[in-house]
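# Pasting the sequence and the predicted coordinates here, then a few questions.
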Amino acid sequence: MPGNRGVTYIRPGVVEVQDIDYPEFVLKDGPGVHPANVGRRLDHGAILKVVATNICGSDQHMVRGRTTAPSGLVLGHEITGEVVEVGRDVEFIKPGDLCSVPFNISCGRCRMCKEGHTEVCLNVNPARPGAAYGYVDMGGWVGGQAEYALVPYADWNLLKFPDKDRAMEKILDLAMLADIFPTGYHGAVSAGVTSGSTVYVAGAGPVGLAAAHAAQFLGAAVVIVGDLNKERLEQARGFGCEAVDLSQDATLPELIEQVLGVPEVDAAIDAVGFEARGRTGEAPATVLNSIMEVTRAGGRLGVPGLYVTGDPGAVDEAAKTGSLSLRIGLGWSKSHSLAMGQCPVMRYNRLLMNAILHDRVQIAKAVNATVIGLSDAPRGYAEFDRGAAQKFVIDPHGMIPT
């Protein structure tokens, strides 16, 4: 049996690459594992040799100490890998298959899965609907920023790439299918982006850039990306977006009017989430209120940005439980539709895979995918936390072509 190493959360600001258990077809006790999940048999699962596993902004929330994540949690929910072993109940996935792993863990059997809401599967997390790898309060499934990872319900969850050699040629793009490309696309779809739309994306981090590129793919006429980070705004300009610097002495409607001639857009996307900042510091409701302000009457708002029910580092007592001061009356008066929550990755990943394989999108370029080794993961977290305009892709086995 091979050894295994994984990226482990130690305390706020500190992650380490440590020796961890090689996966088995049973969920063992450990940091964050719900007691009711301990001992759960996983004969329907598959063990993957991880080819690519990405650092996500959602991981960064935990590493900053902004959640109740326990020390020792193995991180990572964006996984692409090669199957090396399957459980006795797996019928269709085979060793050697190269697959993308949706970050949502789902069973394929419950009401939510059958309705396409794999983000809130009812059978994988005893604490609440929905589960994910390596994430706080998500059932305790071991994270995939590791050399090897286990995926339950393999026949259901894994997206097999049809041509392994062709997939390896585009592996950096395909690595984005586990989370941020479907998540950005979900934000754009939820916001009603279509041919000729004008779109505002709040946040030029990787999810915001993915949402912007997805909006372009959906036919938007103009995509405007707003952020305080000049390097990330330059990255957005690099693939054809308009960029507005929110540190300027102008209101958001004024900045949008400078681009469009009118101070509003057809659709808006919040790709920031609960650690949103204004010019004077953290203001968790500022993005939600701003996108209501600039979206036209009858428009739609997509919110793929993460909001949590427990934030020990919040700026006030209400925000510590996810209670924010929203201008809900403004949204109501403008007849806005708002969609939020985790992206149901399986709703989109096969179609987006086809778009990648047939050169319709260049998502790795849009998010500036940057390959690092597993041992370099702590450096990647630190640089991402400082606002690097990069999407760090961990290559545990040196398999990604240079």
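Yep, that arrived. Numbers count the residues shown, from 1 in each chain.
# On the three-state scheme, the residue nearest to Gly226 when sequence neighbours are not counted is what?
Once flanking residues are discounted, Gly226 sits nearest to Val244: 4.7 Å by C-beta to C-beta, 6 or more residues apart in numbering. For every residue, glycine as well, the C-beta is placed using N, CA and C. Of the three states, Val244 takes strand under DSSP: H, G, I helix; E, B strand; the rest coil.
# what's the spacing between the residue in the chain sticking out farthest from the centre and Val222?
What lies farthest from the middle of the chain is Gly261; by C-alpha atoms, centre = their mean that is 32.8 Å. Distance of Gly261 to Val222, computed by C-beta to C-beta, to the nearest Å: 11 Å.
# What mean pLDDT does stretch 221-238 get?
Stretch 221-238 carries an average pLDDT of 98.
# Quick check: end-to-end length of it?
This stretch, stretch 221-238, spans 16 Å end to end (C-alpha to C-alpha, to the nearest Å).
# what sits up against it?
195-205, 208-209, 212, 215-216, 240-247, 252, 255-256, 259-260, 265, 277, 279, 367-368, 387-389 (C-beta atoms under 8 Å, 6 or more residues apart in numbering).
# rerun that using 6 Å as the cut-off
For stretch 221-238, contacts defined as C-beta atoms under 6 Å, 6 or more residues apart in numbering pick out 196, 198-202, 204, 212, 215-216, 241-244, 246-247, 259, 368, 387, 389.
# Next: stretch 158-178.
52, 78-80, 93, 97-101, 103, 349, 352-353, 356, 363-364, 369, 393, 400.
# residue ranges of the helices in the protein, please?
57-63, 111-114, 154-157, 164-169, 171-174, 180-190, 206-217, 230-237, 252-260, 286-294, 328-333, 349-357, 363-366, 377-385 (DSSP state H).
# Let me know which of these is the nearest to Ala339.
Among the helices of the chain, the nearest to Ala339 by C-beta to C-beta is helix 180-190 (3.7 Å).
# about what we covered before: the residue nearest to Gly226: neighbour count?
Per other C-beta atoms under 10 Å, the neighbour tally for Val244 reads 22.
# mind listing what it touches?
Ile224, Gly226, Leu255.
# Okay, now the unreliable bits of the protein?
1 (pLDDT under 70).
# Please repeat the previous calculation with a cut-off of 50.
For the chain, no stretch has pLDDT under 50.
# contacts for stretch 108-116?
Ser106, Cys107, Val120, Cys121, Leu122, Asn123, Tyr153, Trp156, Arg347.
# List the contacts of Glu147.
Asn4, Arg5, Pro396.
# do Pro152 as well
Contacts of Pro152 (C-beta under 6 Å, 6+ apart): Leu42, Gly45.
# Sitting in strands, which of the contacts of Glu147 do you find?
Arg5 (DSSP state E).
# Strands of the stretch 51-200 of the chain, start to end?
79-86, 98-101, 148-151, 159-160, 198-202 (DSSP state E, counting those that start in this stretch).
# Just the CA trace of the second one, in CSV.
Just to be clear, that refers to strand 98-101. Extracted C-alpha coordinates of strand 98-101, given in CSV (Å, rounded to 0.1, in the frame of the first residue of the first chain):
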residue,chain,number,x,y,z
LEU,A,98,-9.1,9.7,-15.5
CYS,A,99,-12.0,11.6,-13.8
SER,A,100,-13.1,14.9,-12.5
VAL,A,101,-14.6,14.9,-9.0
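# so what's Gln342 up against?
Taking C-beta under 6 Å, 6+ apart, one finds Glu119 in contact with Gln342.
# My error: substitute Leu218 in the last question.
Counting by C-beta under 6 Å, 6+ apart, Leu218 has contacts Ala188, Val193.
# Would you mind measuring from it to Asp227?
Counting by C-beta to C-beta, the gap from Leu218 to Asp227 is 21 Å.
# so who does the nearest residue in space to Val124 that is not next to it in sequence touch?
Take Val124 and drop its neighbours on the chain: the residue closest to it by C-beta to C-beta, 6+ apart is Ala131, 4.0 Å away. Ala131 is in contact with Ile105, Val124, Asn125, Met138, Gly139, Trp141, counting by C-beta under 6 Å, 6+ apart.
# Fine by me, we can end here.
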